[in-house]
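Can you look at this prediction? I've put the sequence above it.
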Amino acid sequence: MQVNQSSMTAHTTYLAANANNVANVNTEGYGALKTSLNNDVQGNVAASVTPTQNPTSLERELTDQIVIDNGFDAQVRSIQTKDDMLGTVLDIRS
């Protein structure tokens, strides 16, 4: 569950940076934020956001939003599956 939670938090950070890029697409001199998702030794996921000198690419931001949505959804499904399995185990013990 900890890995799922850390991944959801990382994807939320990724989405915030993505939204910031889209909001500033027409801001003169704005350098887009680049987000990287990384795993630590325990398997937890963390997002690192770094500024760039590159302008915002709306095409890239749109595809990133799809990736973010799918990643977040995968974590939710994993948590739901764990919850269902725990419920089944508890039903068996009753």
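Looks like it arrived, so ask away. Numbers count the residues shown, from 1 in each chain.

Please make it C-alpha for all contacts and neighbour counts, starting now.
Noted.

the strands in the protein, which residues?
Using DSSP state E, the strands found in the chain span residues 33-39, 45-51.

Any buried residues in the last one, and which?
Spelled out, that is strand 45-51. Taking 16 or more other Cα atoms under 10 Å as the basis for neighbour counts, the residues of strand 45-51 that come out buried are 45, 46, 47.

one step back: minimum distance to residue 18: which of the strands of the chain has it?
Across the strands of the chain, residue 18 has its closest neighbour in strand 33-39 (7.5 Å, Cα to Cα).

what about the closest residue to residue 52 other than its chain neighbours, how many residues close to it?
Of all residues not flanking residue 52 in the chain, residue 31 sits nearest, at 5.1 Å (Cα to Cα, 6 or more residues apart in numbering). Residues within reach of residue 31, counting by other Cα atoms under 10 Å, total 17.

To residue 64, which of the strands of the chain lies closest?
If you check each of the strands of the chain against residue 64 by Cα to Cα, strand 33-39 wins as the nearest, at 9.8 Å.

Point out where this protein drops to low pLDDT.
Per-residue confidence for the chain (pLDDT under 70) gives these ranges: 93-94.

what residue is smack in the middle of it?
With distances taken as Cα atoms, centre = their mean, residue 11 lies nearest the centre of the chain, 1.3 Å away.

surely that residue meets residue 70?
No - in this structure, residue 11 is not within contact of residue 70 by Cα atoms under 8 Å, at 9.7 Å.

OK, contacts around the residue nearest to residue 52?
The contact partners of residue 31, taken as Cα atoms under 8 Å, 6 or more residues apart in numbering, are 51, 52, 53, 54, 55, 56.

if we go to 10 Å?
Residue 31 sits next to 21, 24, 25, 50, 51, 52, 53, 54, 55, 56 when contact means Cα atoms under 10 Å, 6 or more residues apart in numbering.

How much space separates it from residue 55?
For residue 31, the distance to residue 55 equals 5 Å [Cα to Cα, to the nearest Å].

Now for those two: what residues contact both?
Where contact means Cα under 10 Å, 6+ apart, the residues bridging residue 31 and residue 55 through contact with each are 21, 24, 25.
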